[in-house]
Every structure is written in structure tokens, then in C-alpha cells.
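Colleague: the amino acid sequence is not available; the structure is as follows:
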């Protein structure tokens, strides 16, 4: 719980630091904000349905298989088919704003120390699970960035502006983890769980402001992936 509180505070500090200064114009401004609202609502609605659709795929079972399929298909359908625009609009591009990249490098450095160096000093053993690595650090970290930052945040930014887009997306990011891990399965929420969800909300906001500043999914994905490296320590 203490770790979650400290991490939340640190993330909020980084949010304020990265937020400073202006934002670049969105890569594709919308002349029809109602369409952006509707598409963002559809994406959110699909995410809320995902935990109730269960089947087996590869080594996944239950709703994670649905989550995987949705994460892969949603950018193709929403961007290439419906919008008929390049995926660079939702962050498939190299990052801009070099000044922010220095702060991102600092965040990655802190993560590497906390996830990989500190456990050595406290005597924690490292374990490696290749399925966990592929799932958490590569596949789902990337797909969550595509869906939450690339698809939902991009649409909210077109309709509401940069700041509200990452604030609302971060709030929904935290709520969604509560929704799938506690609300849907009917699991009780402890005080420690609550602080973990606050941490995830602050984490989602930090990823959102990074995406809004860099216009790229690469920095937010790298931080998300390194965050998920906690599966290697026990």
C-alpha cells in the first residue's frame, strides 16, 4: 500500500512536469465532434462488454481472449475501415517534443531501478515466465496503449482538447481495472486495492499526457511495458 501511495504521488508530479508548456495541434482535427463522442462511447461500451464474452485462444482463457481480439481488431476497424486514415493519427509514428523525451527517459530509468535493481538489494528472487512476459510486457501493454491512448484519447482530444482527453482517459483506465478485476467478478475491494487503483489512475494519466505531448505510442508503451515487468520479481 505504501508503494502504491508513493508511486501515485511520483506519477502525479511527472504529470505536472510533462504538462507544462503548450500542446501540439492534434494530428487530425475533427470538424464533427459528435462523431468523436459516438466512436469513443462505442469503444468504451465494447470494453465494458469484453469481460462477459469468454472463449479460449492460444494459452488464454476467458475474457482475456476477447480482450486480445478486440485490441487487435479495433484499430483496424475504427481507423482503416471507418475513418480511412493512417494509423499514424493514433500514434503509430516516431515521437515529437524532444524535451519531454528527457523526462520520459528519467521515468524509464526510475522504473528500471525499482523493478530490476532494488529487488537485488532486498534479496528478492527473479523468476521468468515467458508467457507472462509475452502477455503482460509485450502484447497487452501495447494493445492497452492502442485502445486507451490511441483510439479513445485521440477521439476525446478532437472533441474536448488535449488536457481533458488524458484526464478522462486516465480516469477510465483506473475504473476499467476496477471493473474487470473487482466489479464484474464480485470481489471485495480492500483499502490496499483502492490505493492500487488510485495508482493505476495516476499511471494512466501520466501515460496519457505523454501520448498527448509526443503524439506517439512508443514512449507510453515502453513505460507501460517496463511497469509490467514486476512479474519477474517475487
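Modeller: Everything's here; your move. No experiment lies behind these values; they were computed from the predicted model shown.
Colleague: now the helices for the protein?
Modeller: 2-19, 33-49, 63-75, 98-112, 118-121, 130-132, 140-144, 154-160, 162-178, 191-214, 217-227 (DSSP state H).
Colleague: quick one, which of the ones you listed is nearest to residue 82?
Modeller: For residue 82, the closest of those is helix 33-49, at 7.7 Å, according to CB to CB. Heads up, the C-betas are built off the backbone N, CA and C, glycines and all.
Colleague: quick one: contacts of that closest one?
Modeller: 30, 70, 74, 78, 82, 147, 151-152, 155-156, 158-159, 172, 176, 179 (CB atoms under 8 Å, 6 or more residues apart in numbering).
Colleague: check stretch 136-146 too.
Modeller: So stretch 136-146 is contacted by 67-68, 71-72, 74-75, 90-91, 173, 207, 211, 217, 220-221, 224-229, 231 (CB under 8 Å, 6+ apart).
Colleague: okay, how far is it across that stretch, tip to tip?
Modeller: One end of stretch 136-146 to the other measures 14 Å (CA to CA, to the nearest Å).
Colleague: buried sites along that stretch?
Modeller: Within stretch 136-146, the residues scored as buried using 16 or more other CB atoms under 10 Å are 136, 137, 139, 140, 141, 142, 143, 144, 145, 146.
Colleague: so the residue lying closest to residue 67 once chain neighbours are set aside versus residue 184, what's the distance?
Modeller: With sequence-adjacent residues excluded and distances taken as CB to CB, 6 or more residues apart in numbering, residue 67 is closest to residue 50, at 5.4 Å. Distance of residue 50 to residue 184, computed by CB to CB, to the nearest Å: 10 Å.
Colleague: PyMOL command to pick out the buried ones of the contacts of helix 33-49?
Modeller: PyMOL command restricting the contacts of helix 33-49 to the buried ones, with burial defined by 16+ other CB under 10 Å:
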select buried, resi 30+70+74+78+147+151+152+155+156+158+159+172+176+179
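Colleague: just the contacts of helix 33-49: which has the poorest pLDDT?
Modeller: Taking pLDDT as the measure, those have their low point at residue 30 (66).
Colleague: now the buried residues of stretch 136-146 as a markdown table including distance to residue 110?
Modeller: Formatted as a markdown table, the buried residues of stretch 136-146 follow (distance: CB to CB, whole Å):
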| residue | distance to residue 110 |
| --- | --- |
| 136 | 19 |
| 137 | 17 |
| 139 | 24 |
| 140 | 22 |
| 141 | 17 |
| 142 | 21 |
| 143 | 25 |
| 144 | 21 |
| 145 | 19 |
| 146 | 25 |
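Colleague: fine by me, we can end here.
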